[in-house]
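1. output the structure for:
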Amino acid sequence: MKAEIHPAYNAVVFRDLASGETFLTRSTVSSDKTIEWTDGNTYPVIDVEISSASHPFYTGKQRIMDSAGRVEKFNQRYAGFGQ
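-> You can find the predicted model right below:
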């Protein structure tokens, strides 16, 4: 690896604006805003609109699309087509 061409890889807190959940992880992004974590250290904080804490797929609140009804409606509409 070449020296001094890679971005800094530091600890960062990601805060989900929808649920208020916070995650401490490592990333190459940085921010001017900081937050004091439970370990007493101060870390840069990145605000995100949605994360695994608030995304419907991960929380189990995902809406099920009625694809079977759409297929049946299509088949009924075009049942006699081409005969």
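2. from Ser54, how far off is the closest residue to Asp32 other than its chain neighbours?
-> Leaving aside its chain neighbours, Asp32 sits nearest to Pro44 (7.6 Å; criterion: CB to CB, 6 or more residues apart in numbering). To be clear about C-beta, it is placed using only N, CA and C from the backbone, and glycine gets the same treatment. The spacing between Pro44 and Ser54, counted by CB to CB, to the nearest Å, is 21 Å.
3. returning to that earlier point: could you look up the SS state of the residue nearest to Asp32?
-> strand (DSSP: H, G, I helix; E, B strand; the rest coil).
4. what sits against it?
-> Asn10, Val12, Val13, Ser30, Ser31, Asp32, Lys33, Thr34, Ile35 (CB atoms under 8 Å, 6 or more residues apart in numbering).
5. which residues of this structure score low on pLDDT?
-> Counting by pLDDT under 70, the chain contains low-confidence residues at 55-68.
6. hey, C-alpha coordinates of the longest helix that the chain contains in PDB?
-> What stands out as the longest helix in the chain, according to DSSP state H, is helix 67-77. The C-alpha trace of helix 67-77 is given here as PDB (Å, rounded to 0.1, in the frame of the first residue of the first chain):
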ATOM      1  CA  SER A  67     -48.800  -8.700  -6.400                       C
ATOM      2  CA  ALA A  68     -51.100 -11.800  -6.600                       C
ATOM      3  CA  GLY A  69     -54.100  -9.600  -7.100                       C
ATOM      4  CA  ARG A  70     -52.400  -7.700  -9.800                       C
ATOM      5  CA  VAL A  71     -51.500 -10.800 -11.700                       C
ATOM      6  CA  GLU A  72     -55.100 -12.100 -11.500                       C
ATOM      7  CA  LYS A  73     -56.400  -8.800 -12.700                       C
ATOM      8  CA  PHE A  74     -54.000  -8.800 -15.600                       C
ATOM      9  CA  ASN A  75     -55.000 -12.400 -16.600                       C
ATOM     10  CA  GLN A  76     -58.700 -11.600 -16.400                       C
ATOM     11  CA  ARG A  77     -58.300  -8.500 -18.500                       C
END
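7. many thanks, have a good one.
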